[in-house]
Every structure is written in structure tokens, then in C-alpha cells.
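Chemist: My questions are about this predicted structure, shown below with the sequence.
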Amino acid sequence: RVGGGLRGTSLLPTAQVTYVDPGSELTADAIAQGNGGNIIIWSDRATHFHGRLSAQGGLLSGDGGLADISGKLNLAYNGDVSLAAPNGDIGTLLFDPREIIIKNGNGKNVPLLPSLPDIFDSKTNSSIPFTIYEETLENLASGTNINLEATIDITIEDLADNELTLTPNTNITFYADVNGNGTGSFSMDPSDTIRAPGGDVTILGGDQSTHINVAAIDTTAAPGESSSGNIYLSNSGEINIEKTLNAGNGNITISSDTIDFSENSDTVVANQLNIQPAAVETDIYIGEPGIGEAGADALNLSLRDIRSIGINVGQINIGHTSALGQPDGTGSIQLSSSAADATGNGVTSPVVLLGNLLNPENITLVGPELETTWTLSDRNIGTLSGYSNLQFQNIANLELGDNLDTIIFDNSRSQISQSIDGGSGDLVFVGNDIQMPTSTSGLGNFSIRPHTGNQTVAIELGGTDQGQPNVLKLVDTALQGIQNSFSSLTIGDSE
């Protein structure tokens, strides 16, 4: 450690200024086996690194180490770093100053500071954005993990070739407003592309006031390889996607309470697209007018959004679930009537509405104001008419509207386990083996009838379910869950 600990947060004494000249070399290599060590270069004011740093894994086994090169107020870097691992994963290079600007070119014409910065110099004591050049990042070894963290902004300026192209299988993370004080943002020139062949691109924001504005990102597989990298965008504040996100056969995850897709018809290319709100309690509203019934605090996905992402994706997952590595959600997912047009017109990708994996009773699916037929294929899993390619999973509550809703129980496992609220419209349950929810309520007419086709099915009320064939059994506990709010209750098929 030179000048302090990792990110300057340890209890070690810290230097005010740190200077590593071109003739200096810092080494924390493993020899035969083991991981490379950690090398920290830090100062509370200004750090200039022009030397060589090596934290390599062992020749036989072991991963590369960690290099943290930073200055709290300003930072200059024009050195060489090796975090290689002949038989392991390459290490991580971390820059975490106050502000980061990625500029065009290689910076070779920028003069080196000849000696230790003057502690009394006004430039040493003032905040100056850390400038790192495009070719500096592009020339890092294949497979390097690059972490760029700033307490305020990260900006990629207009690049002459319009591309920041990393070596194959290199992962890069941008983290703006890393301390979460709401004063940072990530932005890139709209004409630029971040290209990481086979590597992961992660862009993070720290606060609801933070904005992430991205242009094109491409993580498709490197030439001669088959696996693409993943794209992960996460921010409590707004995420604006202006160009195409192309993860090839990799996955894309976008986590935010405000997501705005461009009007391009091919905004997203991926094996799976995961969309989830940043906060677990945030509701999701799908369809027009964008910000409407669900309110301004909801994650709103408009028809334009759905159409722009639903063409070149293997599957679209919408919801907040631990299956995506996040805490399970507790809000609702609301479908507007116009969303039926979006999922049935121009959207070829399957859309899955994800509820709460561990506690599905914490999620409610609010149906559209349309006459709708729901088909339950398993416990808290089903589809609904008018929404081509749409399925819901792990949702234990249905809240329906003012029109007729018919719920088909497709097999003995079919069930909405917690509650079905039929609203003011009529409600019909159809099935030869109906597993009733804990609570069934509504203001309209409620009917329960067998789904027999040409087969005769008897109906028995009360008692316990003995599993008899050709019998629609409504046991005592099932009947007890039917609320007395309905206008009428009919059991059996009047036809």
C-alpha cells in the first residue's frame, strides 16, 4: 500500500500527494501457485502514476490480483499494469477518483509531471477530472476486469472512431455517484459504442438523482468464440437507452424505477432481457399512458417500450424476483387494456411477468379492463387471452376489473393460491379439478362449473376431496373462502 488503503477508507495513515515515477516498479506476484496480491496507490489530494505495477497469479495456478490507483481530488495515469494469470482469471484494475472522463486518443502527448506534486500548489488542492484515454483502456490485456468508479460523473466523450473497443473477454464496470449522494451521472456521446467482445459491461448509478444515459453497447462473442457477454444497467434514478443494446446470446438486465427506451425497433438483442424496478415495493405498470393509473412512483413500460424490445430477444422477464439476484418484490403488476395490442402486435418474444419466488402472496397481478379468459397451468402460473406470448409466474393474487373474467383451471395443479378479486364484473371458474384460492371476492355474479367437453362430471359439495374421477369436488375449506359480496353464486353448468 502506497499512500493509503483500498479506496482510502482504511484506518491506515493517508498521503496528501502520491507520485510514482516512470522508473518505479511495484510487484505483488505469486510465484508457482496462488493469487496475485493487492497493490493500492492512494492520496487524499493528487496521485500521479507513471510507473509499472504487477500483481500476477502463479505460473501453475491462481488468479491475478487487485490494483487500485486513485487520488481523491485528482489523478493522472500513464503507466503500465499487469494482472495476468497464466492458469487463472486475470485480476481487477480499479480507478476511483472524484470524476472520470474518457477521451479520444492515447494521451502520449500529455507531458509527465517530473516530480512529486507541490502540496501547496493550487492544482494539487483543487478537484480536477481524471482523464483516461480510449487507447489506454483498449490496450489492457484480454480478460482484465476494469472498474471505473467516480463519486460524481463518468463521461465518455465523442471518440474519433466512435468506438471504445476492449480486448476479448474483458469486463468493464462504470459506477457513477458511487457514494450515493445524488450528484453524479453516467453519459456517453450518442454516436459512440462500447464494444466488449465476449465480456460483460456493467453501468451503475448510486442514487435516485443519478442519471444513466447510454448509447450503443455490444458484447457479442469475439471472432472464433461462441459465448457473448452480458449487459447490466442498474440505477435508482433514470436510465435512458438511446441506441441498441446487443448482447448476442448473452443476457441483459435493466434495474430502475424509470426506464426509457428509444423508438428504434431493435433496441435490444439478447437471449434474455430482465427488467425489474430498483425498489422492491415499486409497482409495475404495462401499457399506455406510461404514467397513469399506477402513479409516478411506478415503473412504467409504455407500448413503445414493449414493441421496441420485443423482437430480437429470446425471452423478456418483467418483475422483481430473487431469481434475478435481487430481493423479492412486494408490489403489483398492472396491465392496461392497450397492453394487449403491444404483446399481440409486433412482439414475437415471450413475455414473462415474474412475481415473488419465495413469497408469491406478496405480489398482485391487476388485469385489464377487458373481457378476459385466464388459463392456469400450474400453481400461480398462467396466461390470459389477448396477450400473445405473455405468461405470469409466482403471482398468488389476481385483481380483476369491471368486465367478464373467466378462469380456466387446466389441471389438478392449477391454482391462484391467495386471492382472486373479481371486481364489479362477472366471474367464472371453469375446471374439472378446481383448487380454490384462500379468498374469492367480487361484486358481480360468480359461477363455478365443470370443464367437461363431452364427458359427464358430477359435482359434490362439502366434505373432503377424495380424488374421485369425473367429480368436481368443492370441499368445505374451498367454500369457506368465497366471500358474501357477490350478487349471486351459481354452481354447475346451466347448459
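Modeler: Thanks, I have the structure now. Numbering: from 1, shown residues only.
Chemist: use CA for all of it now, contacts and neighbours both
Modeler: Will do.
Chemist: where does residue 137 fall, helix, sheet strand or coil?
Modeler: helix (DSSP: H, G, I helix; E, B strand; the rest coil).
Chemist: and it, how many neighbours does it have?
Modeler: For residue 137, the count of nearby residues is 18 (other Cα atoms under 10 Å).
Chemist: mind listing what the closest residue to it other than its chain neighbours touches?
Modeler: Of all residues beyond its chain neighbours, the one nearest residue 137 is residue 166 (6.8 Å), with distances taken as Cα to Cα, 6 or more residues apart in numbering. Listed by Cα atoms under 8 Å, 6 or more residues apart in numbering, the contact set of residue 166 reads 137, 138, 139, 140, 142, 195, 196, 197.
Chemist: those strands in the stretch 51-200 of the chain, which residues are they?
Modeler: 52-54, 66-69, 74-77, 80-82, 92-95, 100-103, 130-133, 145-149, 154-156, 163-165, 171-176, 185-188, 193-195 (DSSP state E, counting those that start in this stretch).
Chemist: among the ones you listed, which gets the worst mean confidence?
Modeler: With a mean of 88, strand 74-77 has the lowest mean pLDDT of the strands of the stretch 51-200 of the chain.
Chemist: which parts of it are buried?
Modeler: 74, 75, 76, 77 (16 or more other Cα atoms under 10 Å).
Chemist: Downstream of the one helix or strand in the chain whose mean pLDDT sits lowest, the next helix or strand is which one?
Modeler: Ranked by mean pLDDT, DSSP states H and E, the helix or strand of the chain with the weakest confidence is helix 339-344, at a mean of 58. Later in the chain than helix 339-344, the nearest helix or strand by DSSP states H and E is strand 351-354.
Chemist: The following helix or strand past that next one pairs with which strands, and in what direction?
Modeler: Going down the chain from strand 351-354, the next helix or strand is strand 364-366, by DSSP H and E. Strand 364-366 has these partner strands in its sheet, going by DSSP bridges: strand 332-335 (parallel), strand 397-399 (parallel).
Chemist: quick one: which of these is nearest residue 302?
Modeler: Between residue 302 and these, the tightest spacing by Cα to Cα is seen for strand 332-335, at 10.6 Å.
Chemist: rewinding a little: mean pLDDT lowest for which of the strands paired with strand 364-366?
Modeler: For these, where the average pLDDT is lowest is strand 332-335, sitting at a mean of 90.
Chemist: got the contact list for that one?
Modeler: By Cα under 8 Å, 6+ apart, the surrounding residues in contact with strand 332-335 are 282-287, 294, 319, 353, 363-368.
Chemist: now with 7 Å?
Modeler: Strand 332-335 is contacted from outside by 283, 284, 285, 286, 287, 363, 364, 365, 366, 367, 368, using Cα atoms under 7 Å, 6 or more residues apart in numbering.
Chemist: Then stretch 385-401?
Modeler: Against stretch 385-401 from outside (Cα under 7 Å, 6+ apart): 340, 343-344, 349-357, 360-361, 363-369, 372-374, 380-383, 416-425.
Chemist: Repeat that for stretch 95-103.
Modeler: Taking Cα under 7 Å, 6+ apart as the rule, stretch 95-103 contacts 7, 68-75, 129-134, 147-157, 159.
Chemist: Now do the helices in the protein.
Modeler: Counting by DSSP state H, the segments of the chain that form helices are 134-138, 303-309, 339-344, 476-480.
Chemist: weakest of the ones you listed in terms of mean pLDDT?
Modeler: The minimum mean pLDDT among those belongs to helix 339-344 (a mean of 58).
Chemist: And for residue 214, nearest residue in space, chain neighbours not counted?
Modeler: residue 241 (5.2 Å).
Chemist: just residue 278 next, same as before
Modeler: The shortest distance from residue 278 to any non-neighbouring residue, by Cα to Cα, 6+ apart, is to residue 256 (4.4 Å).
Chemist: give me the number of residues near that neighbour?
Modeler: Number of residues near residue 256 (other Cα under 10 Å) recorded here: 23.
Chemist: which ones are touching it?
Modeler: Counted by Cα under 7 Å, 6+ apart, residue 256 has contacts 234, 235, 236, 237, 238, 239, 276, 277, 278.
Chemist: Tell me how far the residue nearest to residue 137 lies from residue 388.
Modeler: Remark: distance between residue 166 and residue 388 (Cα to Cα, to the nearest Å) = 39 Å.
Chemist: Ok, residue 83 next?
Modeler: Distance, residue 83 to residue 388, using Cα to Cα: 49 Å.
Chemist: Between these two, which has more neighbouring residues?
Modeler: Between residue 83 and residue 388, counting by other Cα under 10 Å, residue 83 is the more crowded of the two (29 against 19).
Chemist: Check the gap between the more buried one and residue 89 for me.
Modeler: According to Cα to Cα, residue 83 stands 9 Å off from residue 89.
Chemist: which residues do these two both contact?
Modeler: residue 64.
Chemist: Let me know which of the strands of the stretch 51-200 of the chain is the nearest to residue 298.
Modeler: Across the strands of the stretch 51-200 of the chain, residue 298 has its closest neighbour in strand 185-188 (21.6 Å, Cα to Cα).
Chemist: And that closest one, what does it pack against?
Modeler: Using 3 or more Cα pairs under 7 Å, 6 or more residues apart in numbering; DSSP states H and E, the elements in contact with strand 185-188 are strand 154-156, strand 211-214.
Chemist: Name the strands paired with the first one and say parallel or antiparallel.
Modeler: Pointing back at strand 154-156 there. Applying DSSP bridges, strand 154-156 is found paired with strand 100-103 (parallel), strand 185-188 (parallel).
Chemist: Kindly state which of these is positioned closest to residue 403.
Modeler: It's strand 185-188; of the strands paired with strand 154-156, that one is closest to residue 403 (Cα to Cα) at 45.2 Å.
Chemist: For the contacts of strand 332-335, point out the one with the lowest pLDDT.
Modeler: When the contacts of strand 332-335 are compared, the smallest pLDDT is that of residue 287, 78.
Chemist: Okay, strands next: where are they in the stretch 201-350 of the chain?
Modeler: Going by DSSP E, counting those that start in this stretch, the stretch 201-350 of the chain shows strands at 201-205, 211-214, 216-218, 231-234, 238-241, 245-246, 251-255, 258-261, 268-276, 284-286, 299-301, 312-319, 332-335.
Chemist: coming back round to it: going by neighbour count, which of the contacts of residue 166 are buried?
Modeler: Buried members of the contacts of residue 166, scored by 16+ other Cα under 10 Å, are 137, 138, 140, 142, 195, 196, 197.
Chemist: looking at it, residue 199 is touching residue 173, isn't it?
Modeler: No: counting by Cα atoms under 7 Å, residue 199 stays clear of residue 173, with 10.6 Å between them.
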